[in-house]
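[1] Could you look at this predicted model? Sequence included:
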Amino acid sequence: GIADIKAALDGAKFILMERFAESADLLQQLRNFLWTEGTLSVRVMTGKENEGAKFQDYFEHDEALKKVPSHRALAILRGRNEGILSANLIVGDPSDRLAPSPCEGMVAGFYGIEQKGRAGDTWLAEVVKWTWRVKLLTHLETELIGRVRDSAEDEAINVFATNLKDLLLAAPAGHKATIGLDPGLRTGVKVVALDGTGKVLDHGVIYPTPPKNQVTQSKAILKALCLKYDVSLIAIGNGTGSRETDKVVGDLLKENPELKKVQKIIVSEAGASVYSASELAAKEFPDLDVTIRGAISIARRLQDPLAELVKIEPKAIGVGQYQHDVSQPALARSLGAVVEDCVNAVGVDLNTASVPLLTKVSGLNSTIAANIVAYREENGVYKSRAELKKVPRLGAKTFEQAAGFLKISNAKNPLDSSSVHPESYAVVKQICANASRDVKSIMGDGAFLKAVNASEFTSEDVGLLTVKDILKELEKPGRDPRPEFVTAEFKEGVDEIKDLRDDMVLQGVATNVTAFGAFIDIGVHQDGLAHISMMSDKFIDDPREVVKAGDVVTVKVMEVDVVRKRIALSMRMSDNAEDYQAEKATPRGERKSKGRAPQRTHSAPPASETSGGGMAALFAQAQKKKSKRL
């Protein structure tokens, strides 16, 4: 039985709470209201100020829920997951946690509960308050912050995918003999010399940096390698010891006029260590040390970024925004699709492609890719695309899917060097026959090809768009969608963050382009940030309108925080550091609440907080906001 009146009322309260919370219409009204009017209130947890210093921008942060940008949402959620920050959904003044919520008025209004002085009105008002704070807010806060998180994850994955695409499609240096240097201090600088195809010619270790300081011997070794193998490029990894190694190489090139054609370039090491320790690298270079394999990867990614970076797990390349905070399966799917798109857009040379590169070609899997390479090693270079049909397990369907992306340099049939699919060779022959010319002579002849009437060569199997695509490819056969190769020159004497000065103008390379700006490598072992607001003289929605990952840019130093390792940059040369810092110091508005994380707003309210007269006011307040929106 029921013990007493209090027990009966408590039981009734919980029954009503369940019923009040069951209405889908009410939940949708509250959901819409919170999304429109809600504030994400973030505070530092008590005693976590020092431990969470990297999150200090969010120690006292309030922002409209629907306007929280992806990078900020993911940073806040990371801080919450690490126990540094609290993040709560509130409506109204963040500093007044005891104020009635307009949502309580919406619940009361939905069920026609009013304060009319009747005996049960105050009790019903209390039930409404409990329903909102204990049941509905908890559910809706989780749901709406989850919506923000999902949206932020989608954008972060998109940012990673776009950056990866830009990196994979970065300009290749081409078939030039290259020295790769993987810098190190105590362990020395690992050295490899590669020919124009990426084949290893020589390798070793030099010690130009402390503690050994074998500068003279190191220069002599590098000079000998440059002359012996007719080296054009020296690729220097951007890890520890990079600037010291760069200086040694720079001095070497200045001191030796015979090396004037040699260029030195700082190259991102991201993922090189992952590749060097991989099963693939061990199979490719079984007799070489892991550290030497890393230097090979650095040199090869300068020669052909796409061919080398496909060997590395995309996530290890590290061009993502909060990549570890997003759904890993979704990220893997997106990045995998990007890699395949890039490989197919550029095409693959059948006679130089590795198994990992071939695996990314449409229609091929790892088994068939391995068979293609094995056939090449056993029978010599491919002389025509038709030879692919002799490769084990490569059937007619696979040939149809892959052949257009597989090219043969200097092939006997010039069409085998182009992106024209073998199925369309007959169309090209027909065009040539009509003009009494051979294939080689029309390739690249823009004037002739533009004059061709595409509709004359259509058939049941070949549509007008296909013929137009064929003519376009013949106009620029084997065209590479990647840009011309250019390099950044880092400023001499600027090796560390402490060397930077306000208003200093520097060249750098965009390493990561996010929704809020671009991170730029300026050669001080810490990327600087050019915020989206400082990237152009005109308004832009997306930083990629101005810069892509891998682009060489000129920037100006606006502010340097050595302790927090933060560098503010501008891509507008008219900006100056003094104005930037003065504007930054201007308060953005009075802060409402201080210091510590508030208790959660949906904790159970004391009975004394409920006053019957407040219910009508709450409902009126909610109705007023609703009518404004309507």
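    Thanks, I have it.

[2] For the rest of this, base every contact and every neighbour count on C-alpha atoms.
    Noted.

[3] Residue 519 pairs with what?
    Applying DSSP bridges to residue 519 gives these bridge partners: residue 512, residue 529.

[4] so it sits right up against residue 513, yeah?
    Yes. If you go by CA atoms under 8 Å, residue 519 and residue 513 touch, sitting 6.2 Å apart.

[5] Mind pulling up the pLDDT for residue 494?
    pLDDT, residue 494: 87.

[6] Ok, residue 69 next?
    Residue 69 carries a pLDDT value of 92.

[7] Next one: it from residue 151, what distance?
    Distance of residue 69 to residue 151, given as CA to CA, to the nearest Å: 9 Å.

[8] if we can go back for a sec, looking at residue 519 and residue 513, which one has more neighbours?
    Ranked by neighbour count (other CA atoms under 10 Å), residue 519 and residue 513 place residue 513 first, with 29 against 24.

[9] on contacts alone, who are the packing partners of the helix or strand where residue 308 lies?
    Here residue 308 sits within helix 305-309, counting by DSSP states H and E. When contacts are defined as 3 or more CA pairs under 8 Å, 6 or more residues apart in numbering; DSSP states H and E, helix 305-309 packs onto helix 137-168, helix 290-303.

[10] does residue 567 really touch residue 527, like I thought?
    Yes. Between residue 567 and residue 527 there is a contact at 7.3 Å, judged by CA under 8 Å.

[11] Counting neighbours, go ahead and name the busier of those two.
    Between residue 567 and residue 527, counted using other CA under 10 Å, the more crowded position is residue 527 (23 against 20).

[12] for that one, what are its contacts?
    Going by CA atoms under 8 Å, 6 or more residues apart in numbering, residue 527 touches 511, 519, 520, 521, 567.

[13] how about the nearest residue to it, chain neighbours excluded?
    In this structure, residue 527 finds its nearest non-sequential neighbour in residue 521, 4.6 Å apart by CA to CA, 6 or more residues apart in numbering.

[14] wait, doesn't the one you found sit right on residue 506?
    No. With contact defined as CA under 8 Å, residue 521 does not reach residue 506; the gap is 10.1 Å.

[15] more neighbours, those two?
    Ranked by neighbour count (other CA under 10 Å), residue 521 and residue 506 place residue 521 first, with 25 against 19.

[16] what about that one, distance to residue 530?
    From residue 521 over to residue 530 the distance is 11 Å, taken as CA to CA.

[17] for residue 401, same thing?
    Look at residue 401 and residue 530: by CA to CA, they are 43 Å apart.

[18] Neighbour count for those two, which is higher?
    More crowded of residue 401 and residue 530, by other CA under 10 Å: residue 530, with 26 against 14.

[19] With adjacent residues omitted, what lies nearest to that one?
    Spatially, and ignoring its direct neighbours in sequence, residue 530 is nearest to residue 569 (4.6 Å; CA to CA, 6+ apart).

[20] Which of the three states applies to the closest residue in space to residue 157 that isn't next to it in sequence?
    Leaving out its chain neighbours, the residue that sits closest to residue 157 by CA to CA, 6+ apart is residue 331, at 5.8 Å. Under DSSP: H, G, I helix; E, B strand; the rest coil, the three-state class of residue 331 is helix.

[21] And the pLDDT at residue 331?
    Listed pLDDT for residue 331 reads 92.

[22] now the end-to-end length of stretch 482-491.
    End-to-end distance of stretch 482-491 (CA to CA): 27 Å.

[23] And the contacts of that stretch?
    Stretch 482-491 has contacts (CA under 8 Å, 6+ apart) with 169-173, 265, 346, 506-509, 522-523, 552-553.

[24] Quick check: residue 256 vs residue 203, distance?
    22 Å.

[25] who's more crowded, these two?
    Counted by other CA under 10 Å, residue 256 and residue 203 do not tie: residue 203 has more neighbours, with 19 against 10.

[26] The more buried one: what secondary structure?
    Here residue 203 is strand, with the state taken from three-state DSSP.

[27] List the beta-bridge partners for it.
    Residue 203 has these beta-bridge partners by DSSP bridges: residue 192.

[28] Let me see the contact set for it.
    Counting by CA under 8 Å, 6+ apart, residue 203 makes contact with 190, 191, 192, 193, 292.

[29] Going by distance to residue 440, which of the residues you listed wins?
    Nearest to residue 440, judged by CA to CA, of the contacts of residue 203 is residue 193 at 36.4 Å.

[30] residues touching that closest one, list them.
    177, 178, 179, 180, 200, 201, 202, 203, 225, 229.

[31] Which of those has the largest number of neighbours?
    Counting neighbours by other CA under 10 Å, residue 178 leads those with 36 neighbours.

[32] Can you report phi and psi for that residue?
    phi -140, psi 140 (degrees, to the nearest 10).

[33] One more: residue 506?
    The phi/psi pair for residue 506 (degrees, to the nearest 10) reads phi -140, psi 160.

[34] per-residue confidence at it?
    Note on residue 506: pLDDT of 96.

[35] And it, how far from residue 520?
    Remark: distance between residue 506 and residue 520 (CA to CA) = 10 Å.

[36] Ok, residue 373 next?
    Between residue 373 and residue 520 the distance is 38 Å, computed by CA to CA.

[37] same question, residue 245
    20 Å.

[38] These two: who's more crowded?
    Just comparing residue 245 and residue 520: by other CA under 10 Å the higher neighbour count belongs to residue 520, 28 against 25.

[39] ok so, going back, please produce a markdown table containing the contacts of residue 527, extended by distance to residue 123.
    Output for the contacts of residue 527, formatted as a markdown table (distance: CA to CA, whole Å):
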| residue | distance to residue 123 |
| --- | --- |
| 511 | 61 |
| 519 | 58 |
| 520 | 61 |
| 521 | 64 |
| 567 | 58 |
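
[40] wait, which of those is closest to residue 132?
    Residue 132 lies nearest to residue 519 out of those, by CA to CA, at 43.9 Å.

[41] Contact partners for the closest one?
    Residues in contact with residue 519 (CA under 8 Å, 6+ apart) are 510, 511, 512, 513, 527, 528, 529, 530.

[42] Now do the SS call for the residue lying closest to residue 449 once chain neighbours are set aside.
    Counting by CA to CA, 6+ apart, residue 471 is the residue found nearest to residue 449 once chain neighbours are left out, at 6.2 Å. Secondary structure state of residue 471, per three-state DSSP, is helix.

[43] try residue 563
    Three-state call for residue 563 (three-state DSSP): coil.

[44] Can you give me the separation between it and residue 493?
    For residue 563, the distance to residue 493 - CA to CA - is 21 Å.

[45] Need the residues that contact stretch 141-151.
    By CA under 8 Å, 6+ apart, stretch 141-151 touches 31, 35, 65, 66, 68, 70, 73, 74, 77, 88, 89.

[46] what does stretch 271-286 give?
    By CA under 8 Å, 6+ apart, the residues outside stretch 271-286 that reach it are 290-295, 297-298, 311-313, 316-318.

[47] quick check: mean pLDDT across it?
    Average pLDDT, stretch 271-286: 91.

[48] Between the two ends of that stretch, what distance do you get?
    Stretch 271-286 stretches 19 Å from its first residue to its last (CA to CA).

[49] quick check: domain ranges of the chain?
    Following automatic domain parsing, one gets these domains for the chain: 5-160+603-629, 178-303, 348-410, 420-477, 497-575.

[50] Nearest to residue 342 among these would be which one?
    Residue 342 lies closest to domain 348-410 among the domains of the chain, at 9.0 Å (CA to CA).

[51] Could you check how far the closest one is from the centre of its chain?
    Chain-centre distance of domain 348-410: 31 Å, with CA atoms, centre = their mean, to the nearest Å.

[52] average pLDDT for that domain?
    According to the model, domain 348-410 has a mean pLDDT of 95.

[53] what distance separates the start and the end of that domain?
    End-to-end distance for domain 348-410, by CA to CA: 14 Å.

[54] Then stretch 302-319?
    For stretch 302-319, the first-to-last residue distance is 17 Å (CA to CA).

[55] what are the C-alpha coordinates of whichever strand or helix holds residue 31, in CSV please?
    Taking DSSP H and E as the definition, one finds residue 31 inside helix 24-37. The C-alpha trace of helix 24-37 is given here as CSV (Å, rounded to 0.1, in the frame of the first residue of the first chain):
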residue,chain,number,x,y,z
ALA,A,24,6.7,14.2,-29.5
ASP,A,25,5.1,17.5,-30.3
LEU,A,26,6.3,19.1,-27.1
LEU,A,27,9.8,17.7,-27.5
GLN,A,28,10.0,19.1,-31.0
GLN,A,29,8.9,22.6,-29.8
LEU,A,30,11.5,22.5,-27.0
ARG,A,31,14.1,21.2,-29.4
ASN,A,32,13.5,24.0,-31.9
PHE,A,33,13.4,26.6,-29.1
LEU,A,34,16.7,25.4,-27.6
TRP,A,35,18.5,25.2,-30.9
THR,A,36,17.4,28.8,-31.7
GLU,A,37,17.8,30.4,-28.3
